[in-house]
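> output the structure for:
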Amino acid sequence: MKIGSVFTIALHLTRLSLILFVFWLTFGWNVRKARKAFEKQLILQGMAKKDAKRLSANYVKLKNEIMSTLKSSFLRRI
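Numbers count the residues shown, from 1 in each chain. Just a heads-up that it's a prediction; the model follows:
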């Protein structure tokens, strides 16, 4: 294998890793914002804060399931 090929592969893997890391950060941040907005709306409608937090926990569970699916899909391809 030529050194140029190895360098190109390393460059592409680095770029892919960076893109996946940015996706992970962005996705986590957006889920957090959505969860907080959902809680705020429930509290404004008169729901107890504890119950609003319990309901909004589903956002985090769903995010974790999606990330787990993506990780397992990515790892199977390697």
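
> after the helix or strand that contains Gly28, which helix or strand is next?
Per DSSP states H and E, Gly28 falls inside helix 3-44. Heading C-terminal from helix 3-44, the first helix or strand you meet, by DSSP H and E, is helix 49-77.

> now do the buried residues in that next one.
Ala52, Ser56, Tyr59, Lys63 (16 or more other C-beta atoms under 10 Å). Every C-beta, even on glycine, is put in place using the N, C-alpha and C of the backbone.

> next, the angle helix 3-44 makes with that helix.
160 degrees (axes from the mean of the first three to the mean of the last three C-alpha atoms, to 10 degrees).

> and stretch 14-33, how far from the chain's centre?
Put simply, stretch 14-33 sits 6 Å off its chain's centre (C-alpha atoms, centre = their mean, to the nearest Å).

> need the residues that contact that stretch.
If you take C-beta atoms under 8 Å, 6 or more residues apart in numbering as the criterion, stretch 14-33 is touched by Tyr59, Val60, Leu62, Lys63, Ile66, Met67, Phe74.

> give me the mean pLDDT for it.
The average pLDDT for stretch 14-33 rounds to 92.

> then stretch 43-61?
Over the span of stretch 43-61, the pLDDT mean works out to 94.
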